[in-house]
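> Fold the following.
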Amino acid sequence: MPNIIISTLNARYIHTAFGLRYLYANMGELQSATELLEFGINQRPADIAEQLLQKQPRIIGLGVYIWNVAEISALVAILKQVAPEVTVILGGPEVSHPPDLPAVAELTDFIITGYGEISFPKLCRHILADQKPAQKIISGETVALSALASPYPYYTDTDLSQRIVYVEASRGCPFKCEFCLSSLDVTAKPFELQPFLADMQTLYQRGARHFKFIDRTFNLKVDSSVAILEFFLEKGAEDIYLHFEVIPDNLPERLKQAIQQFPVGSLQFEVGVQSFDPLIQQLISRKQDNDKTRANLAWLRQHSQAHIHADLIAGLPGDTLAGFGRSFDELAALNPQEIQVGILKRLRGAPINRHNEEYQLRYDPNPPYSILSTRDMSFADLQRITRFARFWDLIGNSGRFSSTMPVILADQPFQRFLQLSDALFTITGSTWQIALKRLFELTFTVITAHLQVPAETAKQLLEQDFSRTGEKGRPEFLKSQDEQTTKRGIANKRQRQAQAN
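Below is the predicted model of the structure:
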């Protein structure tokens, strides 16, 4: 039986807990007494507690994030009721910024702030030796990245074949964007390149083909970026898929040359634009050359096969509904394959919290702490944008409406899609559980009635899109007059039979 369990609750099965694998790799002589267990946020806390306690551990370490803090809180409450003798240690971003801590901090025995690879095993040694520290909150120690044991051997074969493989070539970020916890970093530190590539080679040989880099600024050091891209190019595998988060205004020629060599479906770039408004950028300490950002996004779309996932944030201090719309229109004109409309979240410890009073930033007190209203954006405005974001995922980002999207957006993308979103919500009262065929029917109704798209044009375009979905049957507006007459006749016959009975 293990003395120590390290665990967390992932948002989905496909995700893997990268931080836990770092902890496990660096447990030293305690590794043989440690077990790594992962659960999902949809599992019942009591069932998770039962599985953890079946191992009869003395210590349970749990990773706490914005997406699982509610579920972790319920789990810890149960553990402390039924097994108060077990020492519970929390770590992760949600508990790393005292005194701004969630309520679960009151229930736990210890909290490790920041990185835990050194401090967690050290704390475990003290506990197992019956030498518990007096202080409850322990600052995570850092060491040279070269001194850390590699987490990559602790991806299982199932992880490699069925789940996302997270990797990092560097830690930290030199930028100070206040909405992001990485703004607290002093700088970005790279892992030694050759040992990192050796780890990637091992993962590749074991069958890994999808690699999601969690570096905040993958293209910060161009020499390393090019070397990593060339490493994967040399594999020549058609099924390689690489995800990188990139700085939008730094795309030198050498990097472009490497990017151009990748085929369709192998590169995804997450590009954090967030806002094109220079006043908001200055207010939140975001350094971004907007002209270079536009030029680089245009180049990527015109001269590479990379899939561009570009981010905007709604609810930043100083932004308005119209101002957010202008940023959206600028980004839409650059035609990335996806635009992620994110709603500002209150991250504990993030410097943006200094603006809370002046800009009246009001957040949902429940996780994930989404912005509810600001001085310049009402609750109603942000509710509209939240629905906009959901319908944009269903229609704009899904790729299912590629033929129809140009007439939906026309020359006023934000205003027209906001009209579409508002009308869809008025009809459905929901942004969830809308069947695909129903979504096509609703879209036809709204764009013909509210966006002045001629019915025949809408039918032709939506029929092209629907034919690619593989769905059985046809939406009502695509059925011939004879089909509709026959359907009405059958319905009327059934109604008469029901009345007769």
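> hey, let's count contacts and neighbours off CA atoms from now on
Noted.
> Tell me which residues of the helix or strand containing K189 come out buried.
Using DSSP states H and E, K189 sits in strand 188-190. Residues of strand 188-190 classed as buried by neighbour count (16 or more other CA atoms under 10 Å): 188, 190.
> what do you get for stretch 162-175?
Counting neighbours by 16+ other CA under 10 Å, one finds that the buried residues in stretch 162-175 are 163-175.
> Over to stretch 236-248?
Buried, per 16+ other CA under 10 Å, within stretch 236-248: 240-248.
> Which parts of the stretch 1-150 of the chain are strands?
Counting by DSSP state E, counting those that start in this stretch, the stretch 1-150 of the chain has strands at residues 4-10, 34-40, 59-63, 87-91, 110-113, 137-139.
> Filter the buried residues of stretch 162-175 down to the ones in strands?
In strands, defined here by DSSP state E, the members of the buried residues of stretch 162-175 are 165-167, 170-172.
> how about a markdown table for these, with pLDDT and distance to A17 added?
What follows is those, written out as a markdown table (pLDDT from 0 to 100; distance: CA to CA, whole Å):
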| residue | pLDDT | distance to A17 |
| --- | --- | --- |
| V165 | 95 | 9 |
| Y166 | 97 | 9 |
| V167 | 97 | 11 |
| S170 | 94 | 18 |
| R171 | 92 | 16 |
| G172 | 88 | 18 |
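> I'd like to know which of those residues is nearest to K80.
Of all those, K80 sits closest to Y166, with 32.2 Å by CA to CA.
> Across the sheet, point out what pairs with the closest one.
Going by DSSP bridges, Y166 is paired in beta bridges with K212.
> Now mean neighbour count, mean pLDDT and distance to Q464 too, for the strands of the stretch 1-150 of the chain, in a markdown table please.
Listed next are the strands of the stretch 1-150 of the chain as a markdown table, based on neighbours: other CA atoms under 10 Å; pLDDT from 0 to 100; distance: least, CA to CA, whole Å:
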| stretch | mean neighbour count | mean pLDDT | distance to Q464 |
| --- | --- | --- | --- |
| strand 4-10 | 23 | 98 | 38 |
| strand 34-40 | 17 | 97 | 38 |
| strand 59-63 | 22 | 98 | 46 |
| strand 87-91 | 23 | 98 | 50 |
| strand 110-113 | 23 | 98 | 53 |
| strand 137-139 | 17 | 96 | 58 |
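> Let me know which of these is the nearest to A149.
strand 34-40 (15.5 Å).
> out of the buried residues of stretch 162-175, which one sits closest to Y154?
Of the buried residues of stretch 162-175, the one sitting nearest to Y154 (CA to CA) turns out to be V165, at 10.9 Å.
> hmm, back to that, go through the strands of the stretch 1-150 of the chain and name the closest to D411.
So among the strands of the stretch 1-150 of the chain, strand 4-10 is nearest, using CA to CA, at 40.8 Å.
> So which other helices or strands are in contact with the closest one?
Packing contacts for strand 4-10, counted by 3 or more CA pairs under 8 Å, 6 or more residues apart in numbering; DSSP states H and E, involve helix 18-25, strand 34-40, strand 59-63, helix 69-82.
> rerun at 7 Å
Applying 3 or more CA pairs under 7 Å, 6 or more residues apart in numbering; DSSP states H and E, we find strand 4-10 packed against strand 34-40, strand 59-63.
> quick one: the longest one to helix 18-25, angle?
Between strand 34-40 and helix 18-25, the angle comes out at 170 degrees (axes from the mean of the first three to the mean of the last three CA atoms, to 10 degrees).
> Enumerate every residue touching Y154.
By CA atoms under 7 Å, 6 or more residues apart in numbering, the contact set of Y154 is R21.
> separation between it and G28?
Distance from Y154 to G28, counting by CA to CA, to the nearest Å: 14 Å.
> One more: T469?
Distance of T469 to G28, given as CA to CA: 52 Å.
> List every C-alpha atom in the helix or strand harbouring F244, with coordinates, as PDB.
Per DSSP H and E, F244 falls inside strand 241-246. What follows is strand 241-246, C-alpha atoms only, in PDB (Å, rounded to 0.1, in the frame of the first residue of the first chain):
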ATOM      1  CA  TYR A 241       0.100  17.100 -34.600                       C
ATOM      2  CA  LEU A 242       1.800  19.900 -32.700                       C
ATOM      3  CA  HIS A 243       0.100  22.600 -30.600                       C
ATOM      4  CA  PHE A 244       2.000  25.800 -29.700                       C
ATOM      5  CA  GLU A 245       1.100  29.000 -27.900                       C
ATOM      6  CA  VAL A 246       2.800  31.800 -29.800                       C
END
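> quick one: A149 and T142, what's the gap?
A149 sits 13 Å away from T142, going by CA to CA.
> Which of these two has more residues huddled nearby?
Of the pair A149 and T142, A149 is the one with more neighbours under other CA atoms under 10 Å, namely 17 against 14.
> Next up, the contacts around the more buried one.
Remark: with contacts taken as CA under 7 Å, 6+ apart, A149 is in contact with 25-26.
> shouldn't R346 be in contact with N366?
No - counting by CA atoms under 7 Å, R346 stays clear of N366, with 10.3 Å between them.
> So these two - more neighbours on which side?
With neighbours defined as other CA under 10 Å, R346 and N366 compare such that R346 has more, 23 against 10.
> Quick check: chain neighbours aside, which residue is closest to that one?
Closest residue to R346 apart from its sequence neighbours, by CA to CA, 6 or more residues apart in numbering: Y369 at 5.4 Å.
> State the distance from that neighbour to L361.
In terms of CA to CA, Y369 sits 11 Å off from L361.
> Then P151?
Applying CA to CA to P151 and L361 gives a distance of 39 Å.
> More neighbours: which of the two?
Just comparing P151 and L361: by other CA under 10 Å the higher neighbour count belongs to L361, 24 against 18.
> nearest residue to the more buried one other than its sequence neighbours?
In this structure, L361 finds its nearest non-sequential neighbour in T374, 4.6 Å apart by CA to CA, 6+ apart.
> give the contact list for that neighbour.
T374 neighbours (CA under 7 Å, 6+ apart): 315, 359-362.
> Now list the buried members of those.
Among the contacts of T374, those classed as buried by 16+ other CA under 10 Å are 315, 359, 361-362.
> if we take these, which one ends up nearest to I48?
Nearest to I48 among those, counting by CA to CA, is R362 at 33.6 Å.
> Go ahead and confirm the closest one touches Y369.
No - applying CA under 7 Å as the test, R362 and Y369 come out as separate, 9.4 Å apart.
> Any regions of the protein where pLDDT drops low?
Applying pLDDT under 70 to the chain flags residues 1, 480-501.
> the domain parsing of it - what is it?
Per automatic domain parsing, the structural domains of the chain span 4-145, 155-377, 381-501.
> which SS class is V273?
For V273, the assignment made with DSSP: H, G, I helix; E, B strand; the rest coil gives strand.
> same thing with F231?
Put simply, F231 is helix when judged by three-state DSSP.
> Grab the nearest non-local neighbour of it.
Leaving out its chain neighbours, the residue that sits closest to F231 by CA to CA, 6+ apart is L197, at 7.6 Å.
> buried set for whichever strand or helix holds that neighbour?
Per DSSP H and E, L197 falls inside helix 193-205. Across helix 193-205, burial judged by 16+ other CA under 10 Å covers 196-197, 199-201, 203-204.
> Distance check, N68 against I59.
Distance from N68 to I59, by CA to CA: 20 Å.
> can I assume D411 sits in a strand?
No - looking at D411 with three-state DSSP, it is coil, so not inside a strand.
> quick one: T8 and F39 touch, right?
Yes - using CA under 7 Å, T8 makes contact with F39 at a distance of 6.3 Å.
> Quick check: chain neighbours aside, which residue is closest to P317?
Spatial nearest neighbour of P317, chain neighbours left out: Y359 (5.9 Å); criterion: CA to CA, 6+ apart.
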